[in-house]
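[1] return a 3D structure for these sequence lines:
(chains A, B and C)
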Amino acid sequence: MKEIINLPVSNIEEEEYHINMGPQHPSTHGVLRLLVSLQGEMVRSLKPHCGYIHRGIEKMCEKDTYPQVIHLTDRIDYLSAHINNHAVCLLVEKALEVDVPERVRYIRTIMDELARIQSHQLWWSSFGMDLGGLTCFFYGLRDREMILDIWEETTGSRFLQSYNCPGGVMQDIHPNFQKKVHAFLKTFKKKIKDYDRILSGNVIFENRSQGVGILSKEDAISYGVTGPSGRGSGWSCDVRKTEPYSMYGKVQFNEVLRYECDTYSRYMVRMQEMHESMNIIEQLIDNIPEGEHSAKMKAVIKLPAGEYFQRVESARGELGLFVVSDGNKTPYRMKFRTPSFSNLSVLDHISRGMKIADLVAIGASLDLVIPDIDR
Amino acid sequence: MNSFFKYFSDIFHGVKSLLIGMSVTGRYFFSPGQIVTQQYPENRKNLQMFERFKGEVIMLHDGNNQHRCNGCGICENNCPNGSIEVIPAKITGEDGKSKRVIDKHIYHLGMCTFCGLCVKNCPSNALGFGQEFEHAVFDRSKLTKVLNQPGSSIIKGVE
Amino acid sequence: MTFNIYDFTSFNRWIDEGLNSFMSPTWALITEMAIIGIVFLLFYAVVGLFLVYAERKVCAFMQNRVGPNRVGPYGIFQTIADFIKLLMKELVYIKDSDKLLFNLAPFIVIIASFMALSAVPFAKGLHAIDFDIGILYVIAVSSLGVVGILLAGWSSNNKYSLIGAMRSGAQIVSYELSVGLSLLTIIVLAGTMQFSEIVEMQRNGWFIFKGHIPAIIAFIVFLVASTAETNRGPFDLAEAESELTAGFHTEYSGIKFAFFFLAEYMNMFLVASIAATVFWGGWMPFHVSGWAGFNTIMDYIPPFIWYIGKTAFIIWLMMLFKWTFPRLRIDQLLTLEWKYLLPINLVNILFMAFLVLMHWHF
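    Okay, the predicted model is just below:
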């Protein structure tokens, strides 16, 4: 690998050629465009071009009131919509010093973990699909359907729920909620063994992922690669542990860390995180306290003038939310630090010298959601 | 010699892992009872959506074609996308005072993101979510709906 | 007219004599060739369309889905509808493409698989041509298809296509070796390359049982190598859709794409036929020497059914491969061939030769 990277420049320019992966490409999962310089099958360098799905969400937030902002945060990282909503709500509640009822914390934590599981399920599906195992895609989607049904029953929507609102949640959980979550946990614990049988233990998969896309801990920190991708490099960066919010301080769970730093370790971190999330849900689901599903809030929410920051652990990494308020009912400036954007920035660094097929595997292992990059 | 054994143990473990994978797909192949696909247009008759399902925003009418909307416009203010337009009208009541009622409650389904703020914030619970989900139309203008039914009036006592 | 479902030799002779009785021998030969050509074209189309349908159904069941179910009962006319759609689609002209080669490539692919089909014995007496070097002919002709794939990739003026074609070239050149050597293992046991004789020799036991261990190893190697040779998953690097969008046929549309598509499935059918014929006795019923009663019952099942059953099973296995495994990388693909399959194969041939020498086979 090293010799190829260090070849004299003049020599390379003759043999180098560029291909566009995206904006319409099966493995970029959206409208991301990667301008890849290739030498044969070897990736020399790549340049991500973002902006194909830029909707100006940060600017749109400036004209919306705080409860209205929430439905836009759904659409940043649509796979962890609950978690994004949660960030806004936590920020508003922190700024207004509102104490939300215990029941709300429980519900939000359970919903967050369900979102994490379904996000990882979809990631697993598309990971398998990117590596050529199309059956994985359908198994993942099949099991994800149960979570979507749970959500549809409680929140009314399957995908973009807008379930959180400042002070609580939009409506109380459905009476069937606990029963259905238990049923899901029981089923999924069986089905996740299939995931291991069909992909994790497979010799082809191991060869495709082990030693591919080495991201050292130092690089992960300097590029800001958070979430499961960063933890796959041994960087303890779980916001749920470092700055516990909602119920995370009170439940027992392990921060999954692996030290191989390659695609395989990022894969295994997510697989184990699904187990950990199920573990968290199991601790909470039977103990949801009785009470109101929302704290009393004023009809018009105005944040005191100042700057506020809140971070949460979304399914892809650390979601930071920075708000400047001038005391009005709309934010003066709203800035999202989205995990996928930082995770994308490292793609060039770790895929140099790898093959095109590896680039696809690395891209899948970073679990990029394109609207999360462009916002 | 060690690498010689490793060569064969690699083959053995590789083949074993492949067979395990094939057993999963093979098992599903022979268990058609596990098929999860719903036959959508065929099951339309007994397709039951969840009661909270957000199909579209509707105005709840009772049997006498009466609703609870007094045209206050809170839903319009709360909508992030401007998909609701409330056109109020003034009528003179029996006691001679002029009174604010709804003329047209216009709902642009094409712009709605189903955030639920209008339904949640309605002070008189006049709005709700309908179960209809087959919204496809050939003309975008058909997505603009008037929610209060023609000839409907407000329920007495909710003004 | 002596039509016998168990033996087509007399039926063929009846046609031959009938034609010769009112034509000169040259014209009779030409007529026969035309008839065979039309029959094979029909067979080719029907089997190709059915296999596309079967693949979609099989993968659907593996993925807990129903699969095509709208056109006709159980969706059996789905592929015909798709085919009509492809016929009516526009053939897109690609800017700066090599027009001649671009148009030629699908025909080369389809002709290669068509030619190889002619040597396959479908039942007793039911084959177009019975070469005495049948296996050699099939190996030689079936590897012509790669020329078409290379041409398609080269002439498309598309970098994805080019990468796909180059991958395919490296892949087929390597795996051709394993296919040949694994068939050679059986040739050592059989002592002939003629398909009809190979089938006839399996009257008292299929080669996979006669040659026991080396034959089973050869069968597995053949199955892996031929899956790779037909560009099917997990070896579908040439058209790896998540990496190269569609690889060598990215720029093809309409009926030209359909040719590639059909050829892929016919290659699969062909490879399964060869495997069934060489290892599993082709149209020969399952016989156990000594069990006369059992053998007679087995003989009642027509040879054509036996042949189709075995072929279908092997096709199902190949579909199971495709819908279970992730795709290999190009260097791993070559590693698998040159470091694992080829040495195993060479040792296996030696083993088989020793076996035949010592008469340890059944």
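
[2] going forward, measure contacts and count neighbours with C-alpha atoms only.
    Noted.

[3] show me the helices in the stretch 151-300 of chain C, by range?
    C:159-190, C:195-201, C:207-210, C:212-229, C:241-244, C:254-279, C:292-300 (DSSP state H, counting those that start in this stretch).

[4] which one of the ones you listed lies closest to B:Asp10?
    Judged by CA to CA, the one of the helices of the stretch 151-300 of chain C that comes nearest to B:Asp10 is helix C:212-229, at 16.2 Å.

[5] distance between the closest one and the chain's centre?
    Here the centre of mass of C-alpha atoms in helix C:212-229, compared against the chain's by CA atoms, centre = their mean, to the nearest Å, lies 14 Å away.

[6] check stretch A:321-331 too.
    Relative to where its chain is centred, stretch A:321-331 has its mean C-alpha point 25 Å off (CA atoms, centre = their mean).

[7] now swap in stretch A:323-341 and tell me
    With CA atoms, centre = their mean as the basis, the mean position of stretch A:323-341 lies at 20 Å from the chain mean.

[8] and the end-to-end length of it?
    Between the opening and closing residues of stretch A:323-341 there is a gap of 19 Å (CA to CA, to the nearest Å).

[9] contact partners of it?
    Identification of contacts with stretch A:323-341 by CA atoms under 8 Å, 6 or more residues apart in numbering or on different chains yields A:58-59, A:61-66, A:225-227, A:300-309, A:314, A:316-322, A:367-370, A:372-374.

[10] what residues of stretch C:166-184 count as buried?
    Of all the residues in stretch C:166-184, those buried under the rule 16 or more other CA atoms under 10 Å in any protein chain shown are C:166-169, C:171-172, C:174-184.

[11] same question, stretch A:177-186
    Taking 16+ other CA under 10 Å as the basis for neighbour counts, the residues of stretch A:177-186 that come out buried are A:Lys180, A:Val181, A:His182, A:Phe184, A:Leu185.

[12] and it, is it in reach of chain B?
    No - on the criterion CA under 8 Å from any CA of the partner chain, stretch A:177-186 is out of touch with chain B, staying 12.3 Å away.

[13] thinking again about what came up before, tell me which of the helices of the stretch 151-300 of chain C approaches B:Gly55 most closely.
    Sorting the helices of the stretch 151-300 of chain C by CA to CA, the top spot, which is the nearest, belongs to helix C:241-244 at 34.9 Å.

[14] how about residues contacting the closest one?
    If you take CA under 8 Å, 6+ apart as the criterion, helix C:241-244 is touched by A:25-27, A:129-132, A:356-357, A:360, C:160-161, C:163-164, C:247.

[15] please name every helix or strand in contact with the longest helix seen in chain B.
    Among the elements of chain B assigned as helix by DSSP state H, the one spanning the most residues is helix B:2-29. Helices and strands in packing contact with helix B:2-29 are listed as helix A:203-209, helix C:25-62, helix C:303-324; criterion 3 or more CA pairs under 8 Å, 6 or more residues apart in numbering or on different chains; DSSP states H and E.

[16] could you list the low-pLDDT ranges of chain B?
    Applying pLDDT under 70 to chain B picks out residues B:93-94, B:157-159.

[17] what residues does it put near chain A?
    Taking CA under 8 Å from any CA as the criterion, the contact residues of chain B with chain A come out as B:13-15, B:17-18, B:20-22, B:24, B:36, B:50-54, B:78-80, B:113, B:115-117, B:120.

[18] buried among those? Need that as a selection in PyMOL.
    The PyMOL command for the buried members of the residues of chain B next to chain A (criterion: 16+ other CA under 10 Å) is given here:
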select buried, chain B and resi 14+17+18+20+21+22+24+50+52+53+54+78+79+80+113+115+116+117
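
[19] burial of the nearest residue to C:Val199 once chain neighbours are set aside, as a residue count?
    Here the nearest residue to C:Val199 in space, its sequence neighbours aside, is C:Gly281; by CA to CA, 6 or more residues apart in numbering or on different chains that works out to 5.4 Å. Look at C:Gly281: counted by other CA atoms under 10 Å in any protein chain shown, it has 27 neighbours.

[20] try C:Val147
    Under the neighbour criterion other CA under 10 Å, C:Val147 is assigned a count of 17.

[21] can you tell me which of the contacts of stretch A:323-341 end up in helices?
    Of these, the ones assigned to helices by DSSP H are A:Glu58, A:Lys59, A:Cys61, A:Tyr66, A:Gly227, A:Ile370, A:Asp372, A:Ile373, A:Asp374.

[22] pull out the buried residues from those residues.
    Those of those that meet the buried threshold are A:Glu58, A:Cys61, A:Tyr66, A:Gly227, A:Ile370, A:Asp372, A:Ile373, A:Asp374, by 16+ other CA under 10 Å.

[23] can you tell me the SS state at C:Leu100?
    helix (DSSP: H, G, I helix; E, B strand; the rest coil).

[24] give me the nearest residue to B:Cys118, chain neighbours excluded.
    When the adjacent residues along the chain are set aside, B:Cys118 lies closest to B:Cys75, with 4.4 Å between them (CA to CA, 6+ apart).

[25] you'd agree the one you found is up against B:Val119?
    Yes - with contact taken as CA atoms under 8 Å, B:Cys75 and B:Val119 are classed as touching, separated by 7.4 Å.
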